[in-house]
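S.K.: Coordinates for the following, if possible.
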Amino acid sequence: MNAQYKKGVLELCVLSLLKKRDRYGYEISEYLAGHIPISDGTVYPILRKLRTDGLLTTYLQEESGGPPRKYYKLTALGHETYEADRAEYLKFAQTVQNLLEEKDDDE
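M.R.: All right, here's what the predicted structure looks like:
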């Protein structure tokens, strides 16, 4: 898959996963890697950027038999941004799909 296609939507995918529920970084990375070909370490810079931008907060949660995990949670701004970006992306994707399915004018 073209890396430029992925680059533009990975932030939206991360926000989408976190809209459903809080998750820890490895969980997000594994889920995305199971659906989109990404390399190791792709998700963590995205999580840092989203947190710096005020779209996410973090908290530690103890796990039985292991060290605490850092969970990511959408902020109110994160929810708003997700909804706006989602609508914009879906409109864009529909436009591209329509364009790709159009017959040539010469036919």
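
S.K.: distance between the ends of stretch 61-81?
M.R.: Taking Cα to Cα, to the nearest Å as the measure, stretch 61-81 stretches 26 Å from start to finish.

S.K.: buried set for it?
M.R.: Residues of stretch 61-81 classed as buried by neighbour count (16 or more other Cβ atoms under 10 Å): 71-72, 74-75, 78, 81. To be clear about C-beta, it is placed using only N, CA and C from the backbone, and glycine gets the same treatment.

S.K.: Kindly reformat the residues you listed as JSON lines containing pLDDT.
M.R.: Putting these into JSON lines (pLDDT from 0 to 100) gives the following:
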{"residue": "Tyr71", "pLDDT": "98"}
{"residue": "Tyr72", "pLDDT": "98"}
{"residue": "Leu74", "pLDDT": "98"}
{"residue": "Thr75", "pLDDT": "98"}
{"residue": "Gly78", "pLDDT": "98"}
{"residue": "Thr81", "pLDDT": "97"}
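
S.K.: will you turn these into a markdown table that also has distance to Lys103?
M.R.: Supplementary listing: the buried residues of stretch 61-81 in a markdown table, determined by distance: Cβ to Cβ, whole Å:
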| residue | distance to Lys103 |
| --- | --- |
| Tyr71 | 49 |
| Tyr72 | 45 |
| Leu74 | 42 |
| Thr75 | 46 |
| Gly78 | 41 |
| Thr81 | 37 |
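
S.K.: report the longest helix in the protein, please.
M.R.: helix 76-101 (DSSP state H).

S.K.: so what's the residue nearest to Leu77 when sequence neighbours are not counted scoring on pLDDT?
M.R.: Counting by Cβ to Cβ, 6 or more residues apart in numbering, Gly54 is the residue found nearest to Leu77 once chain neighbours are left out, at 5.2 Å. On pLDDT, Gly54 comes in at 98.
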